[in-house]
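**Q** Attaching a predicted model along with its sequence, questions to come.
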Amino acid sequence: MFNFLKRKEFRDIASELKKPTFLTRLRESLQKTRHQLIGGLANLVLGKKTVDAQLIEDIENLLLSSDVGASVSEEIIADLSHKLERKQLADGNAVWEILQQHLLALLQNCEKPLPTNLAHKPYVILVVGVNGVGKTTTIGKLAHYFKKQGKQVLLAAGDTFRAAATEQLAIWAERNHLALIAQHQGADSASVIYDALQAAKARNIDILIADTAGRLHTKDNLMQELHKVKKVLAKLDATAPHETLLILDASMGQNSLAQAELFHKAIQLTGVALTKLDGSAKGGMLFSIAKKLSLPIRFVGTGEDIEDLQVFSSKEFISALFNDTH
C-alpha cells in the first residue's frame, strides 16, 4: 500500500509538472491578438533607425484598428508626438519600449485581485453580463478556484429565464462537488438568490456565487431586476453583494466597453472578468476598458478547462503579448 501511494503521489506531481504554466497558456490564448496588434507594431517600429511623424501616424492607425480604443490610442500618440518633438525617440526600438511601458502602466492601475475578506461571511459574488459571454462557465471556474483555496462555496441559480441555465450550473456544481440552490424556470431571480443567502448563512458557507439572467445592457427593465436582487440581498446583509462581477467576452471588442459602461452606470460594478481570450484577436479591448472605467480586472479566462481562469496580472499580460515577437 505504501509503495502504491508513493507511486500515485509521484504521478500526481508529474502530472502537475507537465501542465503548462499560466503564462504559457496566456501567451497561447493571446496568439491572435499578438499577431494582429503586437506583430503589427513590431513590423512598424522594430529596426527602424529613425522615427518621424508618418511612423507615429501608422502606429495610431494600427492601434485604432486593433480594438485598443480611441482614448488609449490618443494618449499613446500624444506621448509619442511629445517625445518626438523633444527628440527623445532615438529609434524604433525606443518606441517599442515606450509602448510596452505605457500599456503596462495602464493595466497596473486595474490590477486588483478579488478581496475575499471573510469578515463578510458569506462573501457574496453577484455575476452579471449579457447573453453568451460565458457567465455560467466562469462561475464554475470561480467555484473551483475558491475551493482549491479551501473555501466552502455555494452556488445560486439566479438565471431562471434561460431554459438550460440551471441545468448547466448544476453540472458545474456536480463537477466541483458543491451544493446548488435553485427553483423552477421562471421563478423570481431575487427570491432564488435570497434563499441561497439564507442557506449560506445557515451552513456557515464562506462564499456564495450567484448567477443572474443574461440581459442586454440597453434594456432598462432588465437592469431594474438586478437592482431588485441587490435590494433583496441587503435585507439579509446590508453589505451584500460584496462583489458585482461583470463577465465580458473578449471577441466583442469595443462592444464590451459599451456593455461595461452601461452596466457600471446602472448597478455600480466592482470588478470585471474577461473570457474567450483564446478565440479572439480583440484582446486589445482590455486597454480601453482599463482607460475608460478604471474598474478592477479580477480574472482572465484562457480556455475551456476548469483551470483556465486566473487572477489577472498586468505584468504577465504584457509579457504574454510582447515576448518572442522580436
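**A** Happy to help now that I have it. Residues are numbered from 1 along each chain as shown.
**Q** and Lys121, that one's in a helix?
**A** No: according to DSSP: H, G, I helix; E, B strand; the rest coil, Lys121 belongs to no helix; its state is coil.
**Q** quick one, strands of the stretch 101-250 of the chain?
**A** 123-128, 153-156, 179-181, 207-210, 243-249 (DSSP state E, counting those that start in this stretch).
**Q** and of these, who's closest to Leu84?
**A** strand 243-249 (34.4 Å; C-beta to C-beta). Quick note: C-beta positions are derived from backbone N, CA and C, even for glycine.
**Q** pLDDT score for Ala258?
**A** pLDDT recorded at Ala258 is 86.
**Q** burial count for Asp91?
**A** Asp91 has 14 neighbouring residues, counting by other C-beta atoms under 10 Å.
**Q** how close does it sit to Gly47?
**A** 8 Å (C-beta to C-beta, to the nearest Å).
**Q** Pro122 - nearest residue in space that isn't next to it in sequence?
**A** Among residues not flanking Pro122 along the chain, Ala200 sits closest, at 4.0 Å (C-beta to C-beta, 6 or more residues apart in numbering).
**Q** just checking, that neighbour touches His120?
**A** No: applying C-beta atoms under 8 Å, one finds Ala200 not in contact with His120, separated by 11.4 Å.
**Q** Of the two, which one has the most company?
**A** More crowded of Ala200 and His120, by other C-beta under 10 Å: Ala200, with 28 against 17.
**Q** how much space is there between that one and Asp237?
**A** Here Ala200 is placed at a distance of 10 Å from Asp237 (C-beta to C-beta).
**Q** shared neighbours of these two, anything?
**A** Common contact partners of Ala200 and Asp237 (C-beta atoms under 8 Å, 6 or more residues apart in numbering): Val124.
**Q** In terms of pLDDT, where does Phe299 sit?
**A** Here the pLDDT value assigned to Phe299 is 94.
**Q** That one bridge partners, please.
**A** Ala273, Val311 (DSSP bridges).
**Q** number of nearby residues for it?
**A** Around Phe299 there are 22 other residues, counting by other C-beta under 10 Å.
**Q** Surely it is in contact with Phe146?
**A** No: contact criterion C-beta under 8 Å: Phe299 and Phe146 do not qualify, at 11.5 Å.
**Q** For stretch 98-114, buried residues please.
**A** 98-100, 103-104, 106-107, 110-111, 114 (16 or more other C-beta atoms under 10 Å).
**Q** Show me which of those is closest to Gly214.
**A** Leu114 (21.4 Å).
**Q** quick one, phi/psi of that closest one?
**A** phi -60, psi 120 (degrees, to the nearest 10).
**Q** Check the spacing between the closest residue to it other than its chain neighbours and Ile125 real quick.
**A** What sits nearest to Leu114 in space, not counting adjacent residues and going by C-beta to C-beta, 6+ apart, is Arg298, at 4.7 Å. From Arg298 over to Ile125 the distance is 10 Å, taken as C-beta to C-beta.
**Q** backbone phi and psi for Gly47, please?
**A** phi 90, psi -10.
**Q** ah, wrong one, I meant Gly253
**A** Here Gly253 shows phi and psi, under degrees, to the nearest 10, equal to phi 60, psi -130.
**Q** what's the answer for Thr270, then?
**A** phi -120, psi -10.
**Q** isn't it right up against Lys230?
**A** No: counting by C-beta under 8 Å, Lys230 is not a contact partner of Thr270; they are 11.6 Å apart.
**Q** what sits in contact with each of the two?
**A** With C-beta under 8 Å, 6+ apart, Thr270 and Lys230 have common neighbours Thr244.
**Q** what ranges do the helices span in the stretch 1-150 of the chain?
**A** Using DSSP state H, counting those that start in this stretch, the helices found in the stretch 1-150 of the chain span residues 2-18, 22-29, 31-33, 39-45, 53-65, 70-85, 92-108, 135-148.
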